[in-house]
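# quick check, what structure comes out for this input:
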Amino acid sequence: MDTFIKGKRIILRDLFKKSIHFLYKNIEPKSENEDLKRREFILNVLLLGSVTLAFFATIFAVVDYINFGSSFKGDTPLISLGVFTFFLALFVLSRRGFYVVVSYIFVAIYFVAATHTGYSWGVDIPQGLLIYVLVIIMSGILVSTRFAVVVTMIVSITVLLLGYFQNSSIVHPNLYWRDEMFKIEDTVIFVVTFGVIVLVSWLSNREIEKSLLRARAAERDLRKERDSLEIKVKQRTSELERLQFEKTEQMQRFVEFGRASSGLFHDMVNPVQAAILSIEHLKNVAPTSSSVDIKKYINEAVVQMEKARSFINTARSQITKQEISINFDPEEQIAIVFQMLSFRAKREKVQLIRSKHLTGSALSGNPLSFNRLVAGLVSNAIDSYDGVVLEKDNLRTVTVTSEKNENSLKFSVADNGKGINKENQERIFELFFTTKGVEKGTGIGLAICKEITEKEFGGTLSFKSDEGVGAVFVVEIPIKK
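Residues are numbered from 1 along each chain as shown. Got it, this is the predicted structure:
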């Protein structure tokens, strides 16, 4: 017995679910627009409810007509059947995509029904006024707020005209209901009208809340996507900036190598020629020559070839980039820079000066990067004399001074060239900013010097300058213990 009841419940539950699914499938909106979808759904619910009520009204009318026969006083079943058919046709039109037109017709039907009620039984009949209220609400929900305003004006004018016609005895409504006691049927009619008003409002609010929830969810997703996109853009921008800087740094190394190559090749000629002469002397010495003379020529050739190798290593350090980190002597790298730029300095009539030397000092990092840092600052100092005419007592000098304390090593590069005007002082470390001509400067030298100082050595690069007096660039690098 329990199994039979349980099985019956399962069958009823499945039947109920299938009915709900079938019902929702027949009122599900087809519009893509969010507002139209909401209005179409509410219209389909109201039409389906009207079709259902008209169907039962038709059945009751047929039953009453059969039971009472000729004494039947209500509307004939044909009228109820006509109402049912009309609402069913409207429902089919709505499902075919004509829901906007059907909305206007649906509102018009209720307006005509309310007007007929006021005309037949008096403008002050409560049921007619409630239907007018329902018409105004449905106008705003099914069509638009502007249409609801228009309908409100039409309803107001209609009520005023009916009241005027009734008071002027132009129309003669049936007012018997005023003298009768309030019946339970009247209460049911009011309750049903209230229920329809609540149903329309509830459906509208529910669909609006669903739309808001979807909009908020879409907004959250959009915000997440935007934040993710901003992060990706920042990462990509940072990556592109890094790649751009690497390319410009590489270009700067070749530019500096090109500027210094003439001096390097000029300086290499002397030791190579001396080595060749020593080898020729060794070749031409007599077999009876002493071993002392032979060793002398060999040693001289070796010394000169070592000088040539030093020049080659200096040149190579300017065009290669190696990711190494070792302890190195900064004084040695400064000496290499002086050697590399000596020919260019002579050509520009600039004297390179070492003010102080540090002995036994060591830095941890990439010596080639330190070499490029010093070379960039010294080259910039040499360039500061371009177009400058000094008095006889003033010499063109570039002075490199080194200092050291317990925590850091500091060295400065000073010149007495043309200096930096105040307008440009805030921009001299910007990439591609230069006050030189296109043929003389790329605007990346000082930017690379700052990048090397801060990123590779964790130090600071600052300067002091007065226009027409000169400039001093100061590099301070912490000593890693």
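# give me the residue at the spatial middle of this structure.
residue 230 (3.6 Å; C-alpha atoms, centre = their mean).
# so what pLDDT did that residue get?
We have a pLDDT of 82 for residue 230.
# that one belongs to a helix?
Yes. The assignment for residue 230 by DSSP: H, G, I helix; E, B strand; the rest coil puts it in a helix.
# gap between it and residue 32?
30 Å (C-beta to C-beta, to the nearest Å). In short, each C-beta sits where N, CA and C put it, glycine included.
# and the residue nearest to the centre of the chain, what does it touch?
Going by C-beta atoms under 8 Å, 6 or more residues apart in numbering, residue 230 touches no other residue.
# grab the nearest non-local neighbour of residue 101.
Residue nearest to residue 101 in three dimensions, not counting chain neighbours: residue 93, with 7.2 Å by C-beta to C-beta, 6 or more residues apart in numbering.
# identify each buried residue in the helix or strand containing that neighbour, please.
Applying DSSP states H and E as the criterion places residue 93 in helix 77-95. The neighbour-count check on helix 77-95 (16 or more other C-beta atoms under 10 Å) flags 77, 80-81, 83-84, 87-88, 90-91, 94-95 as buried.
# not counting it itself, show me its contacts.
26, 30, 40, 43-44, 47-48, 50-51, 54-55, 57-58, 60-62, 65, 99, 101-102, 105-106.
# and it, C-alpha only, in CSV?
The C-alpha trace of helix 77-95 is given here as CSV (Å, rounded to 0.1, in the frame of the first residue of the first chain):
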residue,chain,number,x,y,z
PRO,A,77,-22.1,30.2,-24.6
LEU,A,78,-21.3,31.7,-28.0
ILE,A,79,-20.2,35.0,-26.4
SER,A,80,-17.9,33.2,-24.0
LEU,A,81,-16.6,31.0,-26.8
GLY,A,82,-15.9,34.2,-28.8
VAL,A,83,-14.0,35.7,-25.9
PHE,A,84,-12.0,32.6,-25.6
THR,A,85,-11.2,32.4,-29.3
PHE,A,86,-10.2,36.1,-29.3
PHE,A,87,-7.7,35.8,-26.4
LEU,A,88,-6.4,32.5,-27.9
ALA,A,89,-5.8,34.4,-31.2
LEU,A,90,-3.9,37.1,-29.4
PHE,A,91,-1.8,34.6,-27.6
VAL,A,92,-0.9,32.9,-30.9
LEU,A,93,0.0,36.3,-32.5
SER,A,94,2.2,37.1,-29.5
ARG,A,95,4.1,33.8,-29.9
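# returning to that earlier point: for residue 144, see how far away the residue nearest to the centre of the chain is.
38 Å.
# can you check residue 404 too?
82 Å.
# residue 336 now?
83 Å.
# of those two, which one has the most company?
Remark: of residue 336 and residue 144, residue 336 carries more neighbours, 20 against 14, as counted by other C-beta atoms under 10 Å.
# wait, doesn't the more buried one sit right on residue 371?
Yes. Using C-beta atoms under 8 Å, residue 336 makes contact with residue 371 at a distance of 6.2 Å.
# between the buried residues of helix 77-95, which is nearest residue 469?
Nearest to residue 469 out of the buried residues of helix 77-95 is residue 94 (C-beta to C-beta; 88.3 Å).
# picking that back up, redo the buried residues of helix 77-95 as JSON lines? Include pLDDT.
Converted to JSON lines, the buried residues of helix 77-95 look like this (pLDDT from 0 to 100):
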{"residue": "77", "pLDDT": "78"}
{"residue": "80", "pLDDT": "82"}
{"residue": "81", "pLDDT": "88"}
{"residue": "83", "pLDDT": "86"}
{"residue": "84", "pLDDT": "87"}
{"residue": "87", "pLDDT": "87"}
{"residue": "88", "pLDDT": "89"}
{"residue": "90", "pLDDT": "89"}
{"residue": "91", "pLDDT": "87"}
{"residue": "94", "pLDDT": "87"}
{"residue": "95", "pLDDT": "85"}
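# so where's the chain uncertain?
When residues are selected by pLDDT under 70, those of the chain lie in 1-27, 68-75, 182-183, 185-186, 241, 245-323, 359-360, 390-393, 435-443, 481.
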